[in-house]
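> need a structure here:
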Amino acid sequence: MKVIGRPWAVFLAAGLVAWVAAAAGAFVSGSAAFAPPVVLIGALLIPVTFLIWMSEPGVTGDVPPSLVPRAMLAGGLVGVVDTLALPLYFREPNRYLFLAMALAEELVLAAVLVYAARRLTEKNVRSGLLLGAAVGFGFAIPKAVGWSLVAALTVRDMPVAKLTETELLRALFTPLGPGLWTAILGGALFAVSRGGRIRINGRVVLTYLGVVALHFMWDAARTVAIVLALVLTDLQYTPAMHRLGQLPSATAAQAHIYTGLLFASRVIVTGVTLVWLMSQISTAWRDEPRYLIATGEDSRP
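Now for the predicted structure:
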């Protein structure tokens, strides 16, 4: 499949260059002026690349092209509402809160996906993956931006370099984590649909619980990273230290340990997500009569 010169590839490459330049400017200058481009470019780069790719002929298959941006918009509206709960994450962390939010968010996004596809007569793994990704990416955009704004307003006196370091992680991984969980759930949900009707079986329930587990680990990773960073540097742990607002009092070494631990957790969760997604894509490629990814020519063996 030819990649070089494709519109989505050009946009992705240009966006990555702009994102790296903005991040480098923030680290070198220490100016807060570079923070908005880092956050916005990071949050929009992969979702917009996905939209451009979906606009290419033959990619959407049975999914009407106009349905993709509508599904992304619906996911975005859910993400905007969800940002109202973000301040809760910056108070005393609670594993039950993380679990409740994961259960609720994934259930709501699944409902949004089903509603967006209500008029789709042919539901299969392919359409579930594509529409699920659209809903998930739409949800991830305000989520990433909202986290960044709340962090910047909540954390007192955090240097721009430290804030940018954290936001680089969020911008890089959020579309590949939360943005793809709905695609995984959508692929499983639509795979068992018959005659355009949604069905739920044990596999769908297990997929939902698996996605919730990834979501829970994603949200809880920040708290775990804070605690481990404090323990590893011989600071006496207290529940109050969970509050992100007290991180500015930490040393540079502690902040880097926190970022490294958070990065490792994001890599693990994102890796599991991508492996799971690729297994569904291979299933769609094998079982669907048309290709999941349009190549512009019939290259089947």
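
> please make it C-alpha for all contacts and neighbour counts, starting now.
Noted.

> how about stretch 43-50 as PDB, C-alpha atoms only?
Provided in PDB are the C-alpha atoms of stretch 43-50 (Å, rounded to 0.1, in the frame of the first residue of the first chain):
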ATOM      1  CA  ALA A  43      -4.900  16.300  20.700                       C
ATOM      2  CA  LEU A  44      -6.000  16.900  17.100                       C
ATOM      3  CA  LEU A  45      -3.200  15.300  15.100                       C
ATOM      4  CA  ILE A  46      -4.300  11.600  15.100                       C
ATOM      5  CA  PRO A  47      -8.100  12.200  15.000                       C
ATOM      6  CA  VAL A  48      -7.800  14.600  12.100                       C
ATOM      7  CA  THR A  49      -5.400  12.200  10.300                       C
ATOM      8  CA  PHE A  50      -8.000   9.500  10.800                       C
END
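
> what comes up buried for that stretch?
By neighbour count on 16 or more other Cα atoms under 10 Å, the buried set for stretch 43-50 is 43-50.

> same question, stretch 120-134
120, 123-134.

> which one of those residues is nearest to residue 268?
Checking the buried residues of stretch 120-134 against residue 268 with Cα to Cα, the nearest one is residue 133 at 19.9 Å.

> ok, which stretches of the stretch 151-300 of the chain are helices?
For the stretch 151-300 of the chain, applying DSSP state H, counting those that start in this stretch gives helices covering 160-173, 178-191, 202-232, 252-287.

> most tightly surrounded among those?
Comparing the helices of the stretch 151-300 of the chain on average neighbours per residue, with mean count of other Cα atoms under 10 Å, the densest one is helix 178-191 at a mean of 28.

> now tabulate the buried residues of stretch 43-50 in CSV and tack on pLDDT and distance to residue 29.
Output for the buried residues of stretch 43-50, formatted as CSV (pLDDT from 0 to 100; distance: Cα to Cα, whole Å):
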residue, pLDDT, distance to residue 29
43, 84, 22
44, 88, 24
45, 89, 24
46, 89, 27
47, 90, 29
48, 91, 29
49, 91, 29
50, 90, 32
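
> picking that back up, of all the helices of the stretch 151-300 of the chain, which lies closest to residue 27?
helix 160-173 (5.1 Å).

> mean confidence score for the closest one?
The predicted model assigns helix 160-173 a mean pLDDT of 67.

> also stretch 53-67?
Here the average pLDDT along stretch 53-67 is 82.

> buried residues in it, which are they?
Quick answer for stretch 53-67 (16+ other Cα under 10 Å): 53-56, 58-61, 63, 65, 67.

> name the residues that touch stretch 182-201?
106, 109-110, 113-114, 120-136, 203-204, 207-208, 211, 276-277, 280 (Cα atoms under 8 Å, 6 or more residues apart in numbering).

> ok, the residue nearest to residue 73 when sequence neighbours are not counted to residue 128 distance?
Distances taken as Cα to Cα, 6 or more residues apart in numbering place residue 138 nearest to residue 73, at 5.9 Å, with adjacent residues excluded. To residue 128, residue 138 is 15 Å away according to Cα to Cα, to the nearest Å.

> same question, residue 282
On the measure of Cα to Cα, residue 282 and residue 128 end up 14 Å apart.

> the bottom helix or strand of the protein by mean pLDDT?
In the chain, no helix or strand scores lower on mean pLDDT, DSSP states H and E than helix 86-89, which sits at a mean of 64.

> residue 35: which of the buried residues of stretch 53-67 is nearest?
Taking the buried residues of stretch 53-67 together and measuring to residue 35 by Cα to Cα, the closest member is residue 53, at 27.6 Å.

> phi, psi for residue 55 please.
Backbone geometry at residue 55, expressed as degrees, to the nearest 10, gives phi -80, psi -10.

> for the nearest residue to it once chain neighbours are set aside, helix, strand, or coil?
Spatial nearest neighbour of residue 55, chain neighbours left out: residue 65 (6.8 Å); criterion: Cα to Cα, 6+ apart. Of the three states, residue 65 takes coil under DSSP: H, G, I helix; E, B strand; the rest coil.

> swap in residue 96?
Look at residue 96: counting by three-state DSSP, its state is helix.

> how far away is residue 269 from residue 99?
16 Å.

> likewise for residue 61?
Distance from residue 61 to residue 99, counting by Cα to Cα: 36 Å.

> how about residue 254?
27 Å.

> check residue 70 too.
29 Å.

> likewise residue 195?
34 Å.
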